[in-house]
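>>> generate a structure from the sequence data that follows.
(4 chains)
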Protein chains: 2
Amino acid sequence: MSHFGTTVRRKREALRADDRRFSLRQVAHRIGVEPAYLSKIERGAAAPPSEATTVRLARELDEDPDVFLALAGKVSSDLQEIIRKRPRLFAQLIRELKEAPDEAVFRVVRVVRDGDW
Amino acid sequence: MSHFGTTVRRKREALRADDRRFSLRQVAHRIGVEPAYLSKIERGAAAPPSEATTVRLARELDEDPDVFLALAGKVSSDLQEIIRKRPRLFAQLIRELKEAPDEAVFRVVRVVRDGDW
DNA sequence: GGTAGTGTATCGTACATGGTACACAATTGT
DNA sequence: ACAATTGTGTACCATGTACGATACACTACC
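Below you'll find the predicted structure:
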(Lines give C-alpha, C1' and ligand atoms only; values in the text may rest on other atoms or scores of the structure.)
Protein backbone atom coordinates (compact mmCIF):
# COMPACT_ATOMS: atom_id res chain seq x y z
CA MET A 1 0.00 0.00 0.00
CA SER A 2 2.44 2.60 1.20
CA HIS A 3 5.33 2.42 -1.26
CA PHE A 4 7.87 3.33 1.38
CA GLY A 5 10.06 0.39 0.52
CA THR A 6 10.12 0.94 -3.21
CA THR A 7 10.82 4.64 -2.72
CA VAL A 8 13.82 3.80 -0.56
CA ARG A 9 15.05 1.25 -3.06
CA ARG A 10 14.69 3.59 -6.00
CA LYS A 11 16.52 6.38 -4.23
CA ARG A 12 19.29 4.11 -3.00
CA GLU A 13 19.86 2.57 -6.43
CA ALA A 14 19.94 6.00 -8.01
CA LEU A 15 22.69 7.01 -5.62
CA ARG A 16 24.45 3.71 -6.15
CA ALA A 17 24.65 4.39 -9.86
CA ASP A 18 27.61 6.65 -9.32
CA ASP A 19 28.71 5.65 -5.86
CA ARG A 20 28.92 2.01 -4.96
CA ARG A 21 29.03 2.85 -1.29
CA PHE A 22 25.25 2.81 -1.58
CA SER A 23 24.85 -0.93 -1.67
CA LEU A 24 22.13 -2.30 0.59
CA ARG A 25 24.68 -3.81 2.93
CA GLN A 26 26.76 -0.67 3.31
CA VAL A 27 23.78 1.59 3.79
CA ALA A 28 22.36 -0.83 6.34
CA HIS A 29 25.67 -0.80 8.16
CA ARG A 30 25.86 2.99 8.20
CA ILE A 31 22.35 3.44 9.57
CA GLY A 32 22.95 0.71 12.10
CA VAL A 33 20.67 -2.17 11.09
CA GLU A 34 21.20 -5.65 9.70
CA PRO A 35 21.23 -5.96 5.89
CA ALA A 36 18.51 -8.61 6.02
CA TYR A 37 16.24 -6.15 7.79
CA LEU A 38 16.81 -3.33 5.31
CA SER A 39 16.21 -5.82 2.51
CA LYS A 40 12.84 -6.74 3.97
CA ILE A 41 11.94 -3.10 4.36
CA GLU A 42 12.81 -2.24 0.76
CA ARG A 43 10.77 -5.17 -0.50
CA GLY A 44 7.84 -4.33 1.71
CA ALA A 45 8.24 -7.64 3.52
CA ALA A 46 8.60 -5.70 6.75
CA ALA A 47 6.75 -2.60 7.89
CA PRO A 48 8.67 0.68 7.79
CA PRO A 49 11.15 0.92 10.66
CA SER A 50 11.00 3.07 13.77
CA GLU A 51 11.05 6.85 13.61
CA ALA A 52 14.72 7.03 14.55
CA THR A 53 15.78 4.51 11.92
CA THR A 54 13.59 6.14 9.28
CA VAL A 55 15.23 9.48 9.94
CA ARG A 56 18.74 8.03 9.76
CA LEU A 57 17.81 6.38 6.48
CA ALA A 58 16.42 9.62 5.09
CA ARG A 59 19.56 11.53 6.01
CA GLU A 60 21.77 8.83 4.54
CA LEU A 61 19.86 8.99 1.25
CA ASP A 62 19.76 12.78 1.31
CA GLU A 63 16.00 12.95 1.60
CA ASP A 64 13.66 15.03 3.75
CA PRO A 65 13.03 13.14 7.01
CA ASP A 66 9.48 14.49 7.25
CA VAL A 67 8.71 13.12 3.79
CA PHE A 68 10.13 9.70 4.60
CA LEU A 69 8.25 9.64 7.87
CA ALA A 70 5.07 10.50 6.00
CA LEU A 71 5.65 7.62 3.61
CA ALA A 72 6.16 5.45 6.66
CA GLY A 73 2.76 6.54 7.94
CA LYS A 74 4.21 8.59 10.77
CA VAL A 75 4.55 12.16 11.94
CA SER A 76 7.76 13.38 13.52
CA SER A 77 7.55 13.24 17.29
CA ASP A 78 8.83 16.79 17.67
CA LEU A 79 5.85 18.04 15.64
CA GLN A 80 3.53 15.96 17.76
CA GLU A 81 5.00 17.48 20.85
CA ILE A 82 4.38 20.99 19.58
CA ILE A 83 0.77 20.08 18.86
CA ARG A 84 0.27 18.37 22.22
CA LYS A 85 1.30 21.48 24.08
CA ARG A 86 -1.59 23.48 22.60
CA PRO A 87 -3.96 20.84 21.25
CA ARG A 88 -7.09 22.92 20.69
CA LEU A 89 -5.22 25.70 18.91
CA PHE A 90 -3.22 23.49 16.58
CA ALA A 91 -6.06 21.05 15.95
CA GLN A 92 -8.23 23.91 14.81
CA LEU A 93 -5.52 25.41 12.63
CA ILE A 94 -4.60 22.16 10.93
CA ARG A 95 -8.20 21.14 10.25
CA GLU A 96 -8.85 24.60 8.89
CA LEU A 97 -5.97 24.16 6.46
CA LYS A 98 -6.98 20.67 5.41
CA GLU A 99 -8.56 21.70 2.10
CA ALA A 100 -6.53 24.84 1.54
CA PRO A 101 -4.36 24.84 -1.59
CA ASP A 102 -0.60 24.58 -1.12
CA GLU A 103 -0.18 28.19 -2.08
CA ALA A 104 -2.48 29.39 0.68
CA VAL A 105 -0.70 27.32 3.31
CA PHE A 106 2.65 28.55 2.13
CA ARG A 107 1.43 32.13 2.26
CA VAL A 108 0.55 31.55 5.92
CA VAL A 109 4.04 30.17 6.52
CA ARG A 110 5.65 33.20 4.93
CA VAL A 111 3.50 35.60 6.88
CA VAL A 112 4.35 33.88 10.15
CA ARG A 113 8.05 33.64 9.32
CA ASP A 114 8.46 37.24 8.25
CA GLY A 115 6.27 38.39 11.06
CA ASP A 116 5.36 41.66 9.36
CA TRP A 117 1.60 41.96 9.33
CA MET B 1 4.36 12.07 34.60
CA SER B 2 1.36 12.60 32.42
CA HIS B 3 -1.55 13.04 34.79
CA PHE B 4 -4.00 11.60 32.31
CA GLY B 5 -5.45 9.24 34.87
CA THR B 6 -5.97 11.78 37.61
CA THR B 7 -7.54 14.20 35.15
CA VAL B 8 -10.02 11.55 34.10
CA ARG B 9 -10.77 10.66 37.66
CA ARG B 10 -11.29 14.26 38.71
CA LYS B 11 -13.59 14.96 35.82
CA ARG B 12 -15.57 11.76 36.32
CA GLU B 13 -16.04 12.36 40.03
CA ALA B 14 -17.10 15.92 39.38
CA LEU B 15 -19.80 14.66 37.06
CA ARG B 16 -20.72 11.92 39.50
CA ALA B 17 -21.41 14.50 42.19
CA ASP B 18 -24.80 15.21 40.66
CA ASP B 19 -25.30 12.18 38.47
CA ARG B 20 -24.56 8.75 39.85
CA ARG B 21 -24.50 7.30 36.35
CA PHE B 22 -20.87 8.41 36.36
CA SER B 23 -19.55 5.64 38.54
CA LEU B 24 -16.37 4.02 37.26
CA ARG B 25 -18.23 0.84 36.41
CA GLN B 26 -20.98 2.50 34.47
CA VAL B 27 -18.66 4.78 32.55
CA ALA B 28 -16.45 1.81 31.74
CA HIS B 29 -19.48 -0.07 30.48
CA ARG B 30 -20.64 2.81 28.31
CA ILE B 31 -17.26 3.30 26.67
CA GLY B 32 -16.89 -0.43 26.20
CA VAL B 33 -14.06 -1.50 28.50
CA GLU B 34 -13.79 -3.57 31.64
CA PRO B 35 -14.09 -1.68 34.95
CA ALA B 36 -10.77 -3.08 36.16
CA TYR B 37 -9.09 -1.58 33.12
CA LEU B 38 -10.57 1.89 33.58
CA SER B 39 -9.61 1.68 37.24
CA LYS B 40 -6.01 0.99 36.31
CA ILE B 41 -6.03 3.86 33.85
CA GLU B 42 -7.40 6.34 36.37
CA ARG B 43 -4.80 5.29 38.93
CA GLY B 44 -2.00 5.43 36.39
CA ALA B 45 -1.37 1.71 36.84
CA ALA B 46 -1.93 1.30 33.11
CA ALA B 47 -0.86 3.54 30.26
CA PRO B 48 -3.56 5.67 28.63
CA PRO B 49 -5.79 3.60 26.35
CA SER B 50 -5.94 3.53 22.56
CA GLU B 51 -6.95 6.57 20.56
CA ALA B 52 -10.46 5.25 19.96
CA THR B 53 -11.04 4.50 23.64
CA THR B 54 -9.56 7.83 24.70
CA VAL B 55 -11.94 9.66 22.37
CA ARG B 56 -14.96 7.73 23.63
CA LEU B 57 -13.91 8.53 27.17
CA ALA B 58 -13.51 12.22 26.36
CA ARG B 59 -16.96 12.38 24.76
CA GLU B 60 -18.51 10.54 27.68
CA LEU B 61 -17.00 13.03 30.12
CA ASP B 62 -17.85 15.99 27.92
CA GLU B 63 -14.25 16.93 27.30
CA ASP B 64 -12.34 17.93 24.17
CA PRO B 65 -10.99 14.76 22.53
CA ASP B 66 -7.89 16.57 21.28
CA VAL B 67 -7.08 17.68 24.81
CA PHE B 68 -7.53 14.18 26.23
CA LEU B 69 -5.43 12.73 23.44
CA ALA B 70 -2.74 15.29 24.21
CA LEU B 71 -2.77 14.26 27.86
CA ALA B 72 -2.46 10.69 26.66
CA GLY B 73 0.65 11.68 24.71
CA LYS B 74 -1.04 11.27 21.34
CA VAL B 75 -2.17 13.32 18.39
CA SER B 76 -5.46 12.56 16.66
CA SER B 77 -4.93 10.34 13.64
CA ASP B 78 -7.00 12.59 11.40
CA LEU B 79 -4.59 15.46 12.11
CA GLN B 80 -1.66 13.18 11.41
CA GLU B 81 -3.22 12.22 8.11
CA ILE B 82 -3.59 15.84 7.09
CA ILE B 83 0.07 16.45 7.90
CA ARG B 84 1.23 13.32 6.11
CA LYS B 85 -0.39 14.41 2.89
CA ARG B 86 1.80 17.53 2.72
CA PRO B 87 4.65 16.85 5.13
CA ARG B 88 7.09 19.56 4.14
CA LEU B 89 4.48 22.28 4.15
CA PHE B 90 2.89 21.41 7.48
CA ALA B 91 6.18 20.56 9.17
CA GLN B 92 7.51 23.98 8.29
CA LEU B 93 4.34 25.74 9.41
CA ILE B 94 4.12 23.94 12.74
CA ARG B 95 7.79 24.44 13.61
CA GLU B 96 7.45 28.08 12.68
CA LEU B 97 4.58 28.42 15.13
CA LYS B 98 6.33 26.55 17.92
CA GLU B 99 7.32 29.61 19.89
CA ALA B 100 4.55 31.91 18.69
CA PRO B 101 2.20 33.17 21.40
CA ASP B 102 -1.33 31.78 21.47
CA GLU B 103 -2.69 35.03 20.21
CA ALA B 104 -0.53 34.95 17.10
CA VAL B 105 -1.55 31.38 16.29
CA PHE B 106 -5.18 32.21 16.80
CA ARG B 107 -4.87 35.22 14.53
CA VAL B 108 -3.60 32.88 11.82
CA VAL B 109 -6.57 30.59 12.40
CA ARG B 110 -8.98 33.50 12.06
CA VAL B 111 -7.33 34.77 8.92
CA VAL B 112 -7.49 31.33 7.33
CA ARG B 113 -11.07 30.72 8.45
CA ASP B 114 -12.42 34.03 7.26
CA GLY B 115 -10.40 33.81 4.11
CA ASP B 116 -10.46 37.52 3.48
CA TRP B 117 -6.88 38.66 2.97
C1' DG C 1 38.56 -20.20 -10.26
C1' DG C 2 38.79 -18.56 -5.78
C1' DT C 3 37.18 -14.68 -3.16
C1' DA C 4 34.87 -10.58 -2.22
C1' DG C 5 30.64 -8.40 -2.24
C1' DT C 6 25.75 -8.49 -3.37
C1' DG C 7 20.76 -9.27 -1.97
C1' DT C 8 17.60 -12.50 0.41
C1' DA C 9 15.15 -16.42 3.06
C1' DT C 10 14.19 -18.22 7.43
C1' DC C 11 13.95 -18.31 12.14
C1' DG C 12 13.91 -16.35 16.56
C1' DT C 13 13.06 -12.91 20.20
C1' DA C 14 12.55 -9.15 23.70
C1' DC C 15 9.40 -5.77 24.71
C1' DA C 16 5.20 -2.84 24.19
C1' DT C 17 0.19 -2.42 23.42
C1' DG C 18 -4.40 -2.90 24.69
C1' DG C 19 -6.84 -5.01 26.70
C1' DT C 20 -10.14 -9.46 29.40
C1' DA C 21 -11.61 -12.40 33.37
C1' DC C 22 -12.37 -13.21 38.01
C1' DA C 23 -12.42 -12.73 42.69
C1' DC C 24 -12.54 -9.77 46.58
C1' DA C 25 -13.39 -6.18 50.20
C1' DA C 26 -15.59 -1.88 51.15
C1' DT C 27 -19.50 1.11 50.64
C1' DT C 28 -24.27 2.27 49.79
C1' DG C 29 -29.24 1.94 49.32
C1' DT C 30 -33.65 0.43 51.14
C1' DA D 1 -30.05 -6.75 57.56
C1' DC D 2 -29.08 -7.75 53.25
C1' DA D 3 -28.68 -6.95 48.48
C1' DA D 4 -26.65 -4.23 45.14
C1' DT D 5 -23.09 -1.52 43.71
C1' DT D 6 -18.54 0.25 44.02
C1' DG D 7 -13.49 0.28 43.19
C1' DT D 8 -9.49 -2.67 42.91
C1' DG D 9 -5.68 -6.53 43.00
C1' DT D 10 -4.03 -10.30 40.43
C1' DA D 11 -3.41 -13.07 36.66
C1' DC D 12 -3.50 -13.75 32.00
C1' DC D 13 -3.29 -13.21 26.87
C1' DA D 14 -3.13 -12.12 21.80
C1' DT D 15 -1.17 -9.20 18.66
C1' DG D 16 2.09 -5.89 17.01
C1' DT D 17 6.75 -3.64 16.88
C1' DA D 18 11.33 -3.55 15.79
C1' DC D 19 14.57 -5.63 15.13
C1' DG D 20 19.22 -9.61 15.25
C1' DA D 21 21.64 -13.94 13.65
C1' DT D 22 22.74 -17.17 10.44
C1' DA D 23 23.02 -19.28 6.24
C1' DC D 24 22.46 -19.24 1.46
C1' DA D 25 22.76 -18.33 -3.70
C1' DC D 26 24.20 -15.25 -7.15
C1' DT D 27 27.32 -12.01 -9.58
C1' DA D 28 31.65 -9.48 -10.36
C1' DC D 29 36.17 -9.29 -10.69
C1' DC D 30 40.97 -10.08 -11.52
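>>> for residue A:62, helix, strand, or coil?
coil (DSSP: H, G, I helix; E, B strand; the rest coil).
>>> helix or strand for the residue nearest to it when sequence neighbours are not counted, which one?
Leaving aside its sequence neighbours, residue A:62 sits nearest to residue A:15 (CB to CB, 6 or more residues apart in numbering or on different chains; 7.5 Å). C-betas here are computed from N, CA, C, even on glycine. Following DSSP states H and E, one finds residue A:15 within helix A:4-17.
>>> for that helix, name the packing helices and strands.
helix A:35-43, helix A:65-71 (3 or more CB pairs under 8 Å, 6 or more residues apart in numbering or on different chains; DSSP states H and E).
>>> please parse chain A into its domains.
As given by automatic domain parsing, the domain ranges for chain A are A:4-71, A:87-114.
>>> now check the shortest one, is it near chain B?
Yes - contact check for domain A:87-114 against chain B, using CB under 8 Å from any CB of the partner chain: residues in range are A:87-98, A:100, A:102, A:104-106, A:108-109, A:111-113.
>>> in strands, which of those appear?
Among the residues of domain A:87-114 next to chain B, none falls in strands (DSSP state E).
>>> in ChimeraX, how would I select the buried members of those?
Remark: buried members of the residues of domain A:87-114 next to chain B, expressed as a ChimeraX selection using 16 or more other CB atoms under 10 Å in any protein chain shown:
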select /A:87,89,90,91,92,93,94,96,97,100,105,106,108,109,111,112
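>>> since that was my last question, I'll sign off now.
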